[in-house]
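Enquirer: Model the following, please.
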Amino acid sequence: MTTRAGGVSQGLHASMNLGRAVEDEPAAVAANRALLARALGAPAVFLHQVHGADVLTLDGTHLDGERPRFDAAISTSLGLGCAIQVADCLPVLFAARGGVGGAHAGWRGLAAGVLEHTVAALCEASGSGPDELHAWLGPCIGPQRFEVGAEVLQAFGSDPAAPDARFFVYRANAAGEPRWLADLPALARARLRAAGLRHIGGGHWCTLSEPSRFFSFRHERLAGRMAAAISLI
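Expert: Numbering: from 1, shown residues only. Below is the predicted model:
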């Protein structure tokens, strides 16, 4: 998992920006991605993330050309990694015997089942059971800072009039409008456990609370992008 430090980008995107769509210098982004590949020990495929739930099975052809429009990927190929870009959404990495995967789990993708789809695809490709998978949750906007409206609760089947306190805490905003604080990592852990996973770690860092360490879209709309990456080596 990268932070915003350790790269070559300048100014607002200093210094380890990995996103190409945030008005950073293309040469700087390319250099930063090369640093990530060196640290990972393998080239990584970057996705065109669209807040969906589709899962791509990677092969060597995905290293070149247009970025595939997916929010999760798995790989059973040695030396071919998957990279999930984030700047407040939750990245989740998966490891199994013979396969790895990554998912971009903002609230829309999470509610749509991106984690369950990734688990199913990785289990099928690697021949592993869900209880054999290991999942790791990276930095995202934390439960003390992620303010959401009623539509988010409804997307997860929670009634705004009686929200599930494990995941949502009522707090009106400054204008007195109804809002809730949402716990994205807790929602992800619950879905992973329901999918049969027993080995789940991470999810303890808030991107919005540490702007000097992490890029945060809610802190800076033109913020850079970090990446969680994993490869079978």
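Enquirer: contacts, neighbours, all on C-alpha from now
Expert: OK.
Enquirer: Relative to residue 65, how far out is the residue nearest the centre of the chain?
Expert: With distances taken as Cα atoms, centre = their mean, the residue of the chain nearest its centroid is residue 91 (1.9 Å). Relative to residue 65, residue 91 is positioned 24 Å away (Cα to Cα, to the nearest Å).
Enquirer: check contacts around residue 193.
Expert: Not one residue lies near residue 193 by Cα atoms under 8 Å, 6 or more residues apart in numbering.
Enquirer: Wait, a strand at it?
Expert: No. Assessed by DSSP: H, G, I helix; E, B strand; the rest coil, residue 193 does not belong to a strand; its assignment is helix.
Enquirer: can you pull out the strands in this structure?
Expert: 44-46, 55-57, 72-75, 81-86, 90-96, 99-105, 134-137, 147-148, 168-170, 180-182, 199-202, 226-230 (DSSP state E).
Enquirer: so which of the ones you listed comes closest to residue 1?
Expert: Of all the strands of the chain, it is strand 226-230 that lies closest to residue 1, at 4.3 Å by Cα to Cα.
Enquirer: In the chain, where's the longest helix?
Expert: When the chain is parsed with DSSP state H, its longest helix is helix 26-40.
Enquirer: And it, how far out from the chain middle?
Expert: 19 Å (Cα atoms, centre = their mean, to the nearest Å).
Enquirer: Buried residues in it, which are they?
Expert: 28, 29, 30, 31, 32, 33, 34, 35, 36, 37, 40 (16 or more other Cα atoms under 10 Å).
Enquirer: Verify the contact between the first one and residue 9 for me.
Expert: Yes. Counting by Cα atoms under 8 Å, residue 9 is a contact partner of residue 28 at 5.3 Å.
Enquirer: Give me the angle between the longest helix of the chain and strand 81-86.
Expert: Per axes from the mean of the first three to the mean of the last three Cα atoms, to 10 degrees, the angle that helix 26-40 makes with strand 81-86 is 120 degrees.
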